[in-house]
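Asker: Here is the input, now give the coordinates:
(chains A and B)
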2 protein chains.
Amino acid sequence: MRFNSETSSNGVREQMFILGDVPGVLWTAEGAAGTRPLILMGHGGGQHKKAPDIVAHAHRFVAECDFAVAAVDVPGHGDRPKDEEYDRIATENQARVDAGEDLAPLIAGFQALVARQTVPEWRAVLDAVQDLDHVGAGPVGYWGVSLGCGLGVPFVAAEPRVRAAVLGLGGALASAQAAARITVPVEFLLQWDDERVPRAQGLALFDALASTEKTLHANPGRHGEIPAFELDSALRFFARHLG
Amino acid sequence: MRFNSETSSNGVREQMFILGDVPGVLWTAEGAAGTRPLILMGHGGGQHKKAPDIVAHAHRFVAECDFAVAAVDVPGHGDRPKDEEYDRIATENQARVDAGEDLAPLIAGFQALVARQTVPEWRAVLDAVQDLDHVGAGPVGYWGVSLGCGLGVPFVAAEPRVRAAVLGLGGALASAQAAARITVPVEFLLQWDDERVPRAQGLALFDALASTEKTLHANPGRHGEIPAFELDSALRFFARHLG
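Answerer: Numbering: from 1, shown residues only, chains lettered A, B, ... in the order given. Purely as a prediction, here's the structure:
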């Protein structure tokens, strides 16, 4: 793990790093020392580790809960090179959608493929970040919606260090099998008028989670229109389970 | 409006009243003076104005938000006399369920009937309570689940003083038409394994609400098993919209 640069704003320290060929970012409180809870955040499709919603969540998780927050670029996203295989599949999928095929099963297949790469990458990120003195081996949370849910469900299912997760904007087609292995508390976000994930698919993914404590938050609006008060709710959810 | 008795505990003043033939209770902070938000609470079937969940919510709404809270007995409940017509219908319904009929449409019909009486009763309660110096004509919220939702939906639809409502454990069969006239923010509670309200009925009632801001909170468990953290959420919801 190599750190490239460091900045601070509003009491939040931001360290850019690279781990193998995975570029990432770590946010902690300025002057943080010792073990603290860590939130790993998974960004959306076409986004990257410093997408505005990731940064906004990270700053509040750090400022209000004194958590550490880490995010890395998904293959083919952000500062990572284009991935020829993924690009080829994405191009093929677009052609199939243009020809009238359903989008949802194509997204599902693609996310399952990428997750086979990201689950071990993200586990390595936890290893490396938790080895730092100002993060340590505290409880871990995961936040990710849309692509961050499609990749997050298999990650949370596989990784026993994760104690609580905010997931959403994903469907059962992609993720139901892995969801049935998740037993930690989950707050699940669903957009009632999601144009990308059919409502029944989202409800079925919530249903598939094996967690005893899981709570579905559904709000009107399209895929990208999660209301701002859900960030407040995510903060309280993580504070309750990791704090 | 006549006050019968008054007690205090933990800084919360409890005044028992009767308005016409409707017995009620009003909770405010000890020493409260001047206008404040008011929450009207509707109790569940077979319950009453001082059922444990009503009292627990009321105490926190008063202690943490400095709201006034009022609850009254629904006809045939609590300190009100048995209602022969309602009793007769309830007995008939039980016989029809025993004979194999679906419970949900029978509950729906019964609640619609009772709402024709409770909507004007509750509006009169608002008039009287808001006339008191220590309540005043501030913003009004409504909280009610199960029977409190079946009676609450037509009330919230009819009463422009209500600015925000927590509803839930109710179905579209009883309430969809009135729900389509509700435009204020709603937090809607649904129990994923509700043995009384079929899941699809609950989702359809949430769908029917015309509110731009509405949020569905679904949790695992049976009809009576709403998790304790939903009270925290209701507090914040009302604080955001009435505070």
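
Asker: So for the helix or strand containing residue A:54, what gets flagged as buried?
Answerer: Here residue A:54 sits within helix A:52-65, counting by DSSP states H and E. The neighbour-count check on helix A:52-65 (16 or more other CB atoms under 10 Å in any protein chain shown) flags A:53-55, A:57-62, A:65 as buried. All C-beta spots, glycine's among them, are computed from the backbone N, C-alpha and C.

Asker: same question, stretch A:113-130
Answerer: Residues of stretch A:113-130 classed as buried: A:114-115, A:118-119, A:121-122, A:125-126, A:128-130 (neighbour count, 16+ other CB under 10 Å).

Asker: tell me which strands and helices the helix holding residue A:54 is in contact with?
Answerer: Packing partners of helix A:52-65 (3 or more CB pairs under 8 Å, 6 or more residues apart in numbering or on different chains; DSSP states H and E): strand A:12-19, strand A:22-29, strand A:38-42, strand A:68-72, helix A:229-242.

Asker: closest to chain B out of these?
Answerer: Nearest to chain B among the helices and strands packed on helix A:52-65 is helix A:229-242; the distance by CB to the nearest CB comes to 7.1 Å.

Asker: That closest one vs helix B:229-242, what angle?
Answerer: For helix A:229-242 against helix B:229-242, the angle by axes from the mean of the first three to the mean of the last three CA atoms, to 10 degrees is 150 degrees.

Asker: Give me the angle between helix A:229-242 and helix A:52-65.
Answerer: Using the same axes, to 10 degrees, helix A:229-242 lies at 50 degrees relative to helix A:52-65.

Asker: hmm, who's touching helix A:229-242?
Answerer: Residues from elsewhere that reach helix A:229-242, judged by CB atoms under 8 Å, 6 or more residues apart in numbering or on different chains: A:37, A:39, A:56-57, A:60-61, A:64-65, A:67, A:138-141, A:143, A:163-164, A:166, A:184-185, A:187, A:189, A:217, A:219, B:215, B:229, B:232-233, B:236, B:240.

Asker: Go ahead and build a ChimeraX selection from the buried members of those residues.
Answerer: In ChimeraX syntax, the buried subset of the contacts of helix A:229-242 is picked out as below (16+ other CB under 10 Å):
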select /A:37,39,57,60,61,65,67,138,139,140,141,143,163,164,166,184,185,187,189,217,219 /B:215,233,236
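
Asker: The lengthiest helix in chain A vs strand A:12-19, what angle?
Answerer: Among the segments of chain A that qualify as a helix by DSSP state H, the longest is helix A:103-130. Between helix A:103-130 and strand A:12-19, the angle comes out at 100 degrees (the same axes, to 10 degrees).

Asker: Residues of chain A that sit close to chain B?
Answerer: Proximity of chain A to chain B, by CB under 8 Å from any CB of the partner chain, involves residues A:190, A:192, A:203, A:206-207, A:212-220, A:227, A:229, A:232-233, A:236, A:240.

Asker: circling back to that earlier point, nearest to residue A:102, of the helices and strands packed on helix A:52-65?
Answerer: Closest approach to residue A:102 among those is made by strand A:38-42 (24.0 Å; CB to CB).

Asker: Adjacent strands (with direction) for that closest one?
Answerer: strand A:68-72 (parallel), strand A:140-145 (parallel) (DSSP bridges).

Asker: how far out from the middle of the chain is the longest one?
Answerer: So that's strand A:140-145. Centre-to-centre, strand A:140-145 and its host chain are 5 Å apart (CA atoms, centre = their mean, to the nearest Å).

Asker: got it, and the shortest one?
Answerer: Centroid separation between strand A:68-72 and its chain, computed with CA atoms, centre = their mean, is 10 Å.

Asker: check contacts around residue A:114.
Answerer: The contact partners of residue A:114, by CB under 8 Å, 6+ apart, come to A:74-75, A:86, A:150-151.

Asker: low-confidence ranges in chain A?
Answerer: By pLDDT under 70, chain A contains no weakly predicted segment.

Asker: how far away is the residue of it most remote from its centre from chain B?
Answerer: In chain A, the greatest distance from the average C-alpha position (CA atoms, centre = their mean) is reached by residue A:99, at 30.9 Å. Distance of residue A:99 to chain B, given as CB to the nearest CB, to the nearest Å: 32 Å.

Asker: which residues touch the residue lying closest to residue A:199 once chain neighbours are set aside?
Answerer: Leaving aside its chain neighbours, residue A:199 sits nearest to residue A:192 (6.7 Å; criterion: CB to CB, 6 or more residues apart in numbering or on different chains). For residue A:192, the contact set (CB under 8 Å, 6+ apart) comprises A:199, A:218-221, B:207, B:216.

Asker: let's go with 10 Å and repeat that
Answerer: A:199, A:202, A:218-222, A:225, B:203, B:206-207, B:214-216 (CB atoms under 10 Å, 6 or more residues apart in numbering or on different chains).

Asker: Relative to residue A:179, which of the residues you listed is nearest.
Answerer: Nearest to residue A:179 among these, counting by CB to CB, is residue A:202 at 11.6 Å.

Asker: Which of the residues in stretch A:135-154 are classified as buried?
Answerer: A:135-136, A:138-154.
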